[in-house]
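[1] Quick one, what's the 3D model for this:
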Amino acid sequence: MLVSIGASVVLVDQLTKSWAVHALSEGRPDHVVGPVNLVLTKNSGAAFSLGSGVTPLIELVAIVLVLGVLWQSGRLARGGAALAPLVGLSLLAGGALSNLGDRLLRSNHGAVIDFIQLVSWWPVFNVADVAVTAGALTVAISLAFPHASAAGHPQVDRQAGVPAHQGAPDDDA
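    This next block holds a predicted model:
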C-alpha cells in the first residue's frame, strides 16, 4: 500500500506536468477560479521556488531523502508502526522522487515544472510539492502526537499476527 501511495504521487504529478507543458503558455497566468491561476514555470529551486541556483545540492538532498524515507518506512513497517507516519513518508518519497525525475530526466536543465499558483504573490508549485508538504506535516504531527496518530490503528504483534491488544482470551469472561 505504501509503495502504491508513492507511485500514485509520481504518476499524478507527472501526468499533470505533461498536461501543463502542452496546455499552458510559459509565464502567462491563466485564471481558473478565485485566487487560483495556472502558469507554466520552470523552477531550479526546491519546493515553492526556495533555494534557486543550488540545483546539484537539491538533487543530492532529494536522493538522500528518498533513500532515507525508504529505509525508515521499511523499519517502521517491520516494527508495526501506526499508519499515519508511514503514509507521510510515502507522500514525501513520491513527491521528492517525482521532482527529482524532472530534474534528471526531462530536458529542463535541472529544473522542475511548476504550474499551480494560488495567489499572485505566492510561489508557483506542483502536485509533488503538495505531497512533500503534506507528507512532512503528517510525519511531524505523528512525531509530536504519537498516541493520536496511532488511534484506530493498533500495532501488530508480528509473531502472533494479531493486533497487539488482542492477546490470549480473557480468563475473566
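
[2] Got the phi and psi for residue 120?
    When read as degrees, to the nearest 10, the backbone of residue 120 gives phi -60, psi -30.

[3] That should have said residue 26, apologies.
    With angles defined as degrees, to the nearest 10, residue 26 sits at phi -60, psi 130.

[4] Give me the nearest residue to it, chain neighbours excluded.
    Take residue 26 and drop its neighbours on the chain: the residue closest to it by Cβ to Cβ, 6 or more residues apart in numbering is residue 40, 4.6 Å away. Every residue, glycine included, has its C-beta placed from N, CA and C.

[5] Can you report phi and psi for the one you found?
    Reported as degrees, to the nearest 10, the phi and psi values for residue 40 are phi -80, psi 120.

[6] I'd assumed residue 22 was in contact with it.
    No. Contact criterion Cβ atoms under 8 Å: residue 40 and residue 22 do not qualify, at 9.7 Å.

[7] out of these two, which sits in the busier spot?
    More crowded of residue 40 and residue 22, by other Cβ atoms under 10 Å: residue 40, with 20 against 8.
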